[in-house]
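1. Sharing a model that was predicted from the sequence below.
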Amino acid sequence: MDLLGFLFDGFSLPFMARAAAVLAALSLVAGVVGVLVNLRGLEFISDGLTHAVFPGIAVGFVWGGREGLFLGAMVAALVAAAALTLIARSAVPTDAAIAVVFTAMFSIGIIVVSRETNYAGQLQQLLFGRLLTISPAEVVQTIVICGVALLAVTLTAKEQVFRAFDNTGFDAAGYRPLLLDLLLNGAIALVVVTASSAVGTLLVLGLLIVPGAVARLVTQRLWLLFPVAAVFSGVAAWLGLAFGFAASVDLGIDLPSGATVVLTLVSGYFVALLARLAVDRVRAGRPRSEVAS
Amino acid sequence: MSSNPSPVRPADGPALELSAASFSYGREPVLDGVTFALQPGEAVAVIGPNGSGKSTLLKGVLGLIPRVGGTARVLGEATAPAGAVGYVPQTEGLDPQFPVTLEQVVMMGRYRALGWLRLPSRIDREAVERALDAVGMTHRAKSRFGELSGGQQKRGLMARAVVSGPRLLLLDEPFNGLDQENRDALIGSLERLKGRGVAVLVSTHDLELARAVCEKVLLLSGTQVAFGPRNEVLTLDNVQRTFRDVGVEMDEHTVVIPGHEGH
């Protein structure tokens, strides 16, 4: 199969086109939100959110089937985001509190799902996603929710960056950070919810954190971080989908699509890391006069 | 220095006025019994050992630490008017790897006045240029903030604090570990700001700085030890009472405090 065929053939199939649409929306938003997660150092909180969303998804799924899934996840995620924002403001050691609350919620989710007869299959879908069986209605849902998350962070981007850089200076400027934190944690929660159905609750973290980390390796220019992260995750998601499709059609190997996409992202991270190390080494080897210019 | 300068009218009264003020995070006051006034164009040095409440006082004035007793008027208001007070924090808490340039940091000082949802305009960029020029850092405008030396970072944060034309400027230990060139640059900037009627409150344990820019001195040791004109307050007796737990020696120019850099 030629390169163009590899990149584009699969996407003429409706289920592949839907997967691509969902991933395109997700990558763009996860990239932008992920840069702020990176700058604020919110990786652990994001991890907590992915665990917290799970019981919501599980309860929604058990009560309302696929239609209930989004609603349940959304409620759980927004409640968790608000709880996190408040925990982070209190004197409780944040990491321990997050770990306690959210592993508890994850366990509740597993117990809820385990009451269902088709336990194993459903659990697998929730944990690892079902990228290739997304319905047209879910595509629309995903795009709308991603749009809301994107608005929440882009409209407050300059304040988010100020707070990330210097939270004392931010407070001293007369800002009250509660609203800003709620918006960012809420946006993270929305990304987690939408990404959960695509790549599963356990793999969301890759989509949210890897693009931001790659952008930090690629550039030190602040406002360039956001498009770099978004474009990187979009390209990696596309390649991951195409690779999974080619492996299935040409080689007869069925790769789980969500995991394939995340592994493509991670591969991209290592490429960027090696490139960064190489560039740094070349620069360090130069005569001093050039470095100082 | 700013597109919206705030000319100080003499009738405005003190920029800062505290009476028996105490500040606390919880139940126990961290700092109490603070009574002093700071006039426009005047500088007060806040001097005391680590943990004496210097940072607490600055954060209390900013409204970041609750006042639990006494009264306070900041620029004539009960709480600091948003954006009207410039603040130069210590640089130690800032991530040197953060991908932000010096001019982007200074622009942050415009955000509050600019408001939500609005992007900086030409007016804001010009204000940033003037602020950088005023602290002599124009040549490093495009440098990453973390690449600058400690003193240059301080001057950058100074530019950020004044870029919106505050009438009251608070500096938290601005001279820690600075070389002579950066000290001179900061002292020069402070003098010019005072000349324009800006009131300055600076925490330090550097008597040389206090002598260079501050007319008055406030000695703190969990509570107020003394306040008044520099030469009346900086007596050996007062300084020993302020630093009684750490031990202190003092001559014409220097207080030697164990554990601190003795300038």
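-> On my side now, so go ahead.
2. How much space separates the residue nearest the centre of chain A from residue A:234?
-> In chain A, the centroid-proximal residue (C-alpha atoms, centre = their mean) is residue A:208; its distance is 2.6 Å. Here the criterion is C-beta to C-beta, to the nearest Å. By it, residue A:208 lies 14 Å from residue A:234. Any C-beta I mention is one placed from the backbone N, CA and C, and that applies to glycine too.
3. Check residue A:29 too.
-> For residue A:29, the distance to residue A:234 - C-beta to C-beta - is 11 Å.
4. Those two: which has the busier surroundings?
-> residue A:29 (31 against 20; other C-beta atoms under 10 Å in any protein chain shown).
5. Helix, strand, or coil at the more buried one?
-> helix (DSSP: H, G, I helix; E, B strand; the rest coil).
6. what's the closest non-adjacent residue to it?
-> Spatially, and ignoring its direct neighbours in sequence, residue A:29 is nearest to residue A:146 (4.3 Å; C-beta to C-beta, 6 or more residues apart in numbering or on different chains).
7. With residue B:200 instead?
-> residue B:43 (3.9 Å).
8. To what extent is residue A:24 buried, counted in neighbours?
-> 18.
9. do residue B:211 as well
-> Around residue B:211 there are 15 residues (other C-beta under 10 Å).
10. Secondary structure element holding it?
-> helix B:207-213 (DSSP states H and E).
11. And the next helix or strand past that helix?
-> Criterion used, DSSP H and E; the element after helix B:207-213 is strand B:216-220.
12. Which residues does that next one contact?
-> B:31, B:34, B:36, B:38, B:42-48, B:52-54, B:57, B:210, B:224-230, B:233-234, B:238-239, B:241-242 (C-beta atoms under 8 Å, 6 or more residues apart in numbering or on different chains).
13. Check which residues of it are buried.
-> Within strand B:216-220, the residues that count as buried by 16 or more other C-beta atoms under 10 Å in any protein chain shown are B:216, B:217, B:218, B:219, B:220.
14. can you check stretch A:34-54 too?
-> So, applying 16+ other C-beta under 10 Å, buried residues of stretch A:34-54: A:34-40, A:42-43, A:45-54.
15. Next, format the buried residues of strand B:216-220 as CSV and append distance to residue B:180 and pLDDT.
-> Below are the buried residues of strand B:216-220 laid out as CSV (distance: C-beta to C-beta, whole Å; pLDDT from 0 to 100):
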residue, distance to residue B:180, pLDDT
B:216, 25, 94
B:217, 23, 94
B:218, 26, 95
B:219, 26, 93
B:220, 27, 92
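16. quick one: residue A:42 and residue A:188 touch, right?
-> Yes - Residue A:42 lies in contact with residue A:188 (C-beta atoms under 8 Å); the separation is 7.1 Å.
17. mind checking how far residue B:156 is from residue A:13?
-> Residue B:156 is 55 Å from residue A:13, by C-beta to C-beta.
18. and the closest residue in space to residue A:200 that isn't next to it in sequence, what does it touch?
-> Leaving out its chain neighbours, the residue that sits closest to residue A:200 by C-beta to C-beta, 6+ apart is residue A:129, at 3.5 Å. Residue A:129 sits next to A:196, A:197, A:198, A:199, A:200, A:203, A:256, A:257, A:258 when contact means C-beta under 8 Å, 6+ apart.
19. which residues of the chain score low on pLDDT?
-> I'll assume chain A. Residue ranges of chain A with pLDDT under 70: A:1, A:66, A:91-94, A:117, A:119, A:122, A:286-293.
20. please go with chain B instead
-> In chain B, residues with pLDDT under 70: B:1-12, B:245-263.
21. got the residues of chain B near chain A?
-> B:59, B:62, B:64, B:80-83, B:85, B:87, B:89, B:93-95, B:98-101, B:104-105, B:108-109, B:111-112, B:116-117, B:119, B:144, B:157, B:160, B:170 (C-beta under 8 Å from any C-beta of the partner chain).
22. tell me the SS of the residue of chain A found nearest chain B?
-> Closest to chain B within chain A is residue A:174: 2.9 Å, counting by C-beta to the nearest C-beta. Recorded secondary structure, residue A:174: coil (three-state DSSP).
23. Quick one: residues contacting it.
-> Contacts of residue A:174 by C-beta under 8 Å, 6+ apart are B:80, B:81, B:82, B:83, B:85, B:112.
24. If we use 7 Å, what do you get?
-> B:82, B:83, B:112 (C-beta atoms under 7 Å, 6 or more residues apart in numbering or on different chains).
25. Can I get those in JSON lines including distance to residue A:17 and secondary structure?
-> Formatted as JSON lines, those follow (distance: C-beta to C-beta, whole Å; DSSP: H, G, I helix; E, B strand; the rest coil):
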{"residue": "B:82", "distance to residue A:17": "50", "secondary structure": "coil"}
{"residue": "B:83", "distance to residue A:17": "50", "secondary structure": "coil"}
{"residue": "B:112", "distance to residue A:17": "46", "secondary structure": "helix"}
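26. Weed out the non-buried ones from those residues.
-> B:83, B:112.
27. mind listing which of the contacts of strand B:216-220 are in strands?
-> B:31, B:34, B:36, B:38, B:43-47, B:224-229 (DSSP state E).
28. Could you identify which of these has the most neighbours?
-> residue B:47 (30 neighbours).
29. Tell me where the stretch 101-250 of chain A has helices.
-> Using DSSP state H, counting those that start in this stretch, the helices of the stretch 101-250 of chain A run over A:119-128, A:136-154, A:157-165, A:167-172, A:178-199, A:204-218, A:222-251.
30. would CSV of the contacts of residue A:129 with neighbour count be doable?
-> Output for the contacts of residue A:129, formatted as CSV (neighbours: other C-beta atoms under 10 Å in any protein chain shown):
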residue, neighbour count
A:196, 26
A:197, 27
A:198, 25
A:199, 30
A:200, 24
A:203, 23
A:256, 19
A:257, 25
A:258, 29
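31. Return the member of the residues you listed nearest to residue A:25.
-> residue A:198 (9.5 Å; C-beta to C-beta).
32. Next, the contact list for the closest one, please.
-> Residue A:198 touches A:22, A:23, A:26, A:129, A:131, A:134, A:258, counting by C-beta under 7 Å, 6+ apart.
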